[in-house]
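Q: Below are the sequence and a predicted model for it; my questions follow.
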Amino acid sequence: MFSRTTWIPAFAGMTRTSTLAGMIRARVVFLLPALCFLLSFPALPAQQGTESADAKLRAERQRLEKLRSEREALERRRANLQNTVHDLSEEVENIRREAEMTASVVRSLDSQLETINGEVASSTADLVAAQDELTLKRVALRQRLVDIYKRGPLFTVQVLLSATSFGDLVARYKYLHLLTLRDRALVARVEDLRNEIDRQRANLVRFQRDIELNLSEKAEEERRLRNLQEQQARSLTRARRSARDTEERLKQIGRDEKRLADVIASLEAARKRAEAGTPAAERARSAFAGVRLDWPVGGELIYNFGRVVNPNNTTVRWNGIGIKAATGAPVRAVASGKVLVAEPFGTYGLTVIIQHMGGDYSVYGSLSRLAVAKGDVVSKGQVVGYVGASDPELGPHLHFELRPGGRAADPLDYLGTQP
């Protein structure tokens, strides 16, 4: 047996080591049943899926930003279309794409809300688990403090001094060391649980703000979607009405062009009958042949001679050119001749038709008022009328035609340099 007298010097030597001195100063010990009880406590639940949920939220928010960026581009295009002459069907299509993009934004917000709600449920479960474990750990820690207080500051020394052999001493020392580590782990675990609970509570507060922001954004996006759908319906109705009006106007323009051609054809036929008995050498030479005519009015062209596709995808054939000019600008005859028509002429508006030598004709349409009357003889450069706007979509302009020999020709082939 290991006697108390021979053991004390050996023990005194061991107290000089840092490990044994630290254990003695700790003055704490666990009994085996207490150790088994503490080892049976469950660990704090791991945060399963947090990283994947955060990654999903980041990806969804990046997608949301991309959708909003694309929608802003569509909004800018819609504003540009509304400020320019354009195809109404193009505007309707642009609004439709905006509405689809906004619906995608709403779906993205729904996905984010679903992810956030999942995170709320997970954080709530983790918070409850952490609070339950903290309650158990506090009870255990409180019991340990009570036990340590009851046993007094010299209990550790008493346990070591009561060893009956060196092997028993080493076993008791090792056991005390393990219990000390467990005490420290318990204190650290309580602190970790407190921090975890604080973190989960902060997460719930953040999630609550995210949910409120998400719901607010969703309400705004749904309102925007309703407005776009209403605007799309109005634009579609306007486009259909515009298409009908345009189609009807094109038909009227076609009828008026045929009427004008018939009038000039009948005038040309009457002229030819009148000069039928005149020798060819004595017949009047064409007024347009071999010369460059002055422009009836200065301005840029808004449409050209021939077949033209309009911005609304309708097609019209112009027998003349459109010259943009200010309302009331004077319009001058390109050559001398006789006024055969000076009156309103359907879609041409107020119109003047002048017969020139050799069976040539010039037509001046879309006038605001006349300066000549039927039967007047005019000279080159004389004012025959003033610019107006027979078509509100085209604005103030002069519709000008040249018909050498009664047939429509491109006036640009006969006109000189614009002043």
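A: Perfect, thanks for sending it. Quick caveat, the model's predicted, so the values are computed rather than measured.
Q: alpha carbons only for contacts and neighbour counts from here, please
A: Will do.
Q: in the chain, which spans are helices?
A: 4-14, 18-26, 32-39, 50-82, 88-151, 155-161, 166-274 (DSSP state H).
Q: Tell me which residues of stretch 128-138 come out buried.
A: 129-131, 133-134, 136-137 (16 or more other CA atoms under 10 Å).
Q: got the contact list for Asn206?
A: Careful, residue 206 is Arg; it's not Asn. Residues near Arg206 by CA atoms under 8 Å, 6 or more residues apart in numbering: none.
Q: which residue sits closest to Glu257, ignoring its sequence neighbours?
A: Asn319 (8.0 Å; CA to CA, 6 or more residues apart in numbering).
Q: So for the one you found, what pLDDT did the model give?
A: The model reports Asn319 with a pLDDT of 89.
Q: likewise the one 10 residues further on?
A: Confidence per residue is given as pLDDT, and for Ala329 that number is 96.
Q: Arg285 now?
A: 72.
Q: Which strands or helices does the longest strand along the chain pack on?
A: Assignment by DSSP state E gives strand 360-370 as the longest strand of the chain. Applying 3 or more CA pairs under 8 Å, 6 or more residues apart in numbering; DSSP states H and E, one finds that strand 360-370 contacts strand 350-356, strand 383-387, strand 397-404.
Q: shaky segments in the stretch 51-200 of the chain?
A: By pLDDT under 70, the low-scoring segments of the stretch 51-200 of the chain are 51-54, 56-57, 60-61, 64, 67-68, 70-71, 73-92.
Q: my guess is Gly299 meets Ala325, correct?
A: Yes. Using CA atoms under 8 Å, Gly299 makes contact with Ala325 at a distance of 5.4 Å.
Q: which of these two has more neighbours?
A: Ala325 (22 against 16; other CA atoms under 10 Å).
Q: residues touching that one, list them.
A: Ala325 neighbours (CA under 8 Å, 6+ apart): 297-300, 387, 396-398.
Q: same deal with Phe207?
A: With CA under 8 Å, 6+ apart, Phe207 has these contacts: 116, 119-120.
Q: quick one on the thing from earlier: check the model's average confidence along the longest strand of the chain for me.
A: The pLDDT scores in strand 360-370 average 95.
Q: I would like the residues contacting that strand, please.
A: Around strand 360-370, the neighbours that count as contacts under CA under 8 Å, 6+ apart are 264, 286-288, 327-328, 334, 342, 348-356, 384-391, 396-406.
Q: what do you get for stretch 254-270?
A: Outside stretch 254-270, the residues touching it (CA under 8 Å, 6+ apart) are 319, 345-348, 359, 361, 405-406.
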